[in-house]
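> predicted structure and sequence below. I'll ask about it afterward.
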Amino acid sequence: MKAFIVYCHPSENSFTRHIRDAFIQGVTDAGHECVISDLYRMDFQADMTEAEYLRDAHYRTTPDVAADVRAEQEKINASDAIVFIYPVFWSEAPAKLVGWFDRVWSYGFAYGDRTMKTLNKGLILCSAGNPIDYLEETGILDSMKKVMLGDRLTGRVKQAEFVVFDSTSRENPLREENWDKNLKAVYEKGKSLFAAK
């Protein structure tokens, strides 16, 4: 089985990078394959062009999809699961990942007369500086889930899960205290990604 990982973080010196590495190790240790799009390393263009906007706004299924977008769509259709790994920036995914959705979830691929396959699994793994209690009390966690699970993944995956690793700000002592426990949990998510439920 193959997992397509969409990874989005501007720095390799981050806890999110450790999440990525632990997850990949779990998937490969379970005998499965990973393909990764590291959006910052790829310098993925997040801004939709006017031509892309007009194509989608007029519900056209013309074949003039940009090469970088087509490459991402092919990775999706060649995979069994899609996994998003990113930090929470201002209650949302980084702008580069939001732009990835704007461009890759194009008309005729992710909606309309769809050519995107329905994936077995969709998994979101994100790191958040705030504690989970704050994210729940303010409604931020619920809104993040609604966007990622209810809008971006709904109907496109059979099973979806949203996991937050909280209190990961560098100045928070829980970052170090929970480091090993969190990475073990990430590893197990990777190892069990394709396990029968």
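Yes, it's here.
> all helices for the protein, in order.
For the chain, applying DSSP state H gives helices covering 15-29, 39-42, 50-57, 67-77, 95-104, 132-137, 140-145, 173-177, 179-191.
> in this protein, which helix or strand is least confident?
Of all helical and strand segments in the chain, the minimum by mean pLDDT, DSSP states H and E falls on helix 173-177, at a mean of 82.
> look up which residues are beta-bridged to the spatially most central residue of the chain.
Geometric centre of the chain, nearest residue: Phe84, 1.6 Å, by Cα atoms, centre = their mean. Counting by DSSP bridges, Phe84 is bridged to Val6, Ile124.
> wouldn't it be in contact with Ser127 here?
No: using Cβ atoms under 8 Å, Phe84 makes no contact with Ser127, being 12.0 Å away. Heads up, the C-betas are built off the backbone N, CA and C, glycines and all.
> Ala30 contacts Glu188, doesn't it?
No: counting by Cβ under 8 Å, Ala30 sits too far from Glu188 to count as a contact (10.0 Å).
> okay, Ala95: pLDDT?
As predicted, Ala95 sits at a pLDDT of 97.
> likewise Lys197?
The model's pLDDT for Lys197 equals 64.
> how about low-confidence regions in the protein?
197 (pLDDT under 70).
> show me what contacts the closest residue to Lys158 other than its chain neighbours?
Residue nearest to Lys158 in three dimensions, not counting chain neighbours: Asn120, with 5.4 Å by Cβ to Cβ, 6 or more residues apart in numbering. Asn120 makes contacts with 1, 80-81, 157-159, 194, as judged by Cβ atoms under 8 Å, 6 or more residues apart in numbering.
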